[in-house]
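[1] A structural model of the following input is requested.
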Amino acid sequence: MTKHWRKILLIAAITLACFFLGRLDSFCYKQPVGQVTAVKTVASDESTDEHENEDRSYTQKLTVKLLNRSGQTVTIKNDYYASHAESDQYHVFDQILLHKTSSGYQVDMPKRDSLLFALLGFLFSGLYFSMSRRKFSFLGLSIIVNAGLFILTIIWDASARALPVLPVFSVLAVVLSGLALYFVLGHGLQAWITWLATVIATLLALLAMAIVIALTGATGVHFETMSYVTQVPQPVFYAQAVIGVLGAVMDESGDIVAGLFGLQRESADRSFSDYWQAGLSVGREILGTLTNVLFMIFIAETIPMVVLMLRNGNNWSYILDQTMNLGILQTVVSALGIVWAVPVTAFLTATLLTRKETAK
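    Numbers count the residues shown, from 1 in each chain. Got it, this is the predicted structure:
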């Protein structure tokens, strides 16, 4: 028990250290960074729209100490709504990013890196104390390499004018999955089967989606409703679907392959049918759970916009068509990939394991 409490205290200490590191890193910013030292509400007003939604606006007078500008103190006005839909209320000790104007300083956005550092510290310290150092090292390296490749690809896509989005992100997804499995499972047969099954199941799911969209002429699918898209939306949606489906499929394929390799270690004298039936059994056990998780993630992402649109007089038919349309499609495609992953992974693993034993 003492050992467990020691680990918990170390995780808490690392988390706090990362939080204060984020609070003290203002010298790294070129943009002005300030800390609120005093707050005074100087005005408020209540408003009601045509749908009888009530909100209250406030005007704050903030006294802000500039942390990376020789400690200078300035006074800034901040307007916010009680709903906090598009504005923020600030309190004493909050740190904010500022924008320099001809008349002084304006609030740009909250400085959130201290919270981000604390969450990262909590995550990595928790992983470190819950697994061996070797596994933690490879897992951390996998996260860093994959995140780096993803960010570089995003930067490349943002800077290039005519980048083929779908091929680039499809190759990226295949590379990311291969690297993740290599760092976590090594370069053995288990990793290769998991990677191959993941790629095949993802490809089958995306092909099914593409065929249905082509046959129906994308009737009822509104790619133009995607948020913040400055490129042709359909290839961007396909690229998004590739990464989303591949992540869900890799999780399931890894579980099935690990289970069948466990059976092989217990007794190598097994037939193709034994592995095949065991793989299907494992897949059926986790298929429903993974599909429900995907659906709940979609619902959680959609709830704020659905509530907002309902409060502004929109009916369910319009909301389903304009807000939930693409999310439902992507959830269905991901579920289809999860379904395909069961027989594909079971077949590949059973075939290669029985062939391996026959070769001996």
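[2] Once you drop chain neighbours, what's closest to F237?
    Closest residue to F237 apart from its sequence neighbours, by C-beta to C-beta, 6 or more residues apart in numbering: F223 at 5.5 Å. Placement of C-beta: from N, CA and C, glycine included.
[3] now the helices for the stretch 51-200 of the chain?
    Per DSSP state H, counting those that start in this stretch, the stretch 51-200 of the chain carries helices over the ranges 113-130, 133-159, 165-185, 189-216.
[4] Turn those into JSON lines, columns for mean neighbour count.
    Compiled in JSON lines, the helices of the stretch 51-200 of the chain are given as follows (neighbours: other C-beta atoms under 10 Å):
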{"stretch": "helix 113-130", "mean neighbour count": "16"}
{"stretch": "helix 133-159", "mean neighbour count": "13"}
{"stretch": "helix 165-185", "mean neighbour count": "19"}
{"stretch": "helix 189-216", "mean neighbour count": "19"}
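[5] Out of those, flag the one nearest Q240.
    For these, proximity to Q240 was assessed by C-beta to C-beta; helix 165-185 is nearest, at 8.1 Å.
[6] so the closest one versus helix 133-159, what angle?
    170 degrees (axes from the mean of the first three to the mean of the last three C-alpha atoms, to 10 degrees).
[7] Which secondary structure elements does helix 165-185 sit against?
    Packed against helix 165-185 by the contact rule (3 or more C-beta pairs under 8 Å, 6 or more residues apart in numbering; DSSP states H and E) you find helix 133-159, helix 189-216, helix 233-266.
[8] would CSV of those helices with distance to I96 and mean pLDDT be doable?
    Formatted as CSV, the helices and strands packed on helix 165-185 follow (distance: least, C-beta to C-beta, whole Å; pLDDT from 0 to 100):
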stretch, distance to I96, mean pLDDT
helix 133-159, 25, 85
helix 189-216, 42, 90
helix 233-266, 32, 85
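[9] In a markdown table, list these along with distance to E301.
    Converted to a markdown table, those look like this (distance: least, C-beta to C-beta, whole Å):
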| stretch | distance to E301 |
| --- | --- |
| helix 133-159 | 20 |
| helix 189-216 | 20 |
| helix 233-266 | 12 |
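[10] ok, the residue lying closest to L127 once chain neighbours are set aside to S130 distance?
    Among residues not flanking L127 along the chain, F136 sits closest, at 5.7 Å (C-beta to C-beta, 6+ apart). Per C-beta to C-beta, to the nearest Å, F136 is found 8 Å from S130.
[11] before we move on, the earlier item: got a list of what the residue nearest to F237 touches?
    Neighbour list for F223: P233, Q234, F237, L326 [criterion: C-beta atoms under 8 Å, 6 or more residues apart in numbering].
[12] So which elements touch the one helix or strand the last one maps to?
    Element membership for L326, per DSSP states H and E: helix 325-359. In terms of contact count using 3+ C-beta pairs under 8 Å, 6+ apart, helix 325-359 is assigned the packing partners helix 189-216, helix 233-266, helix 272-311.
[13] Just give me the neighbour total for E86.
    The number of residues packed near E86 is 7, by other C-beta atoms under 10 Å.
[14] On the pLDDT front, check it for me.
    On pLDDT, E86 comes in at 77.
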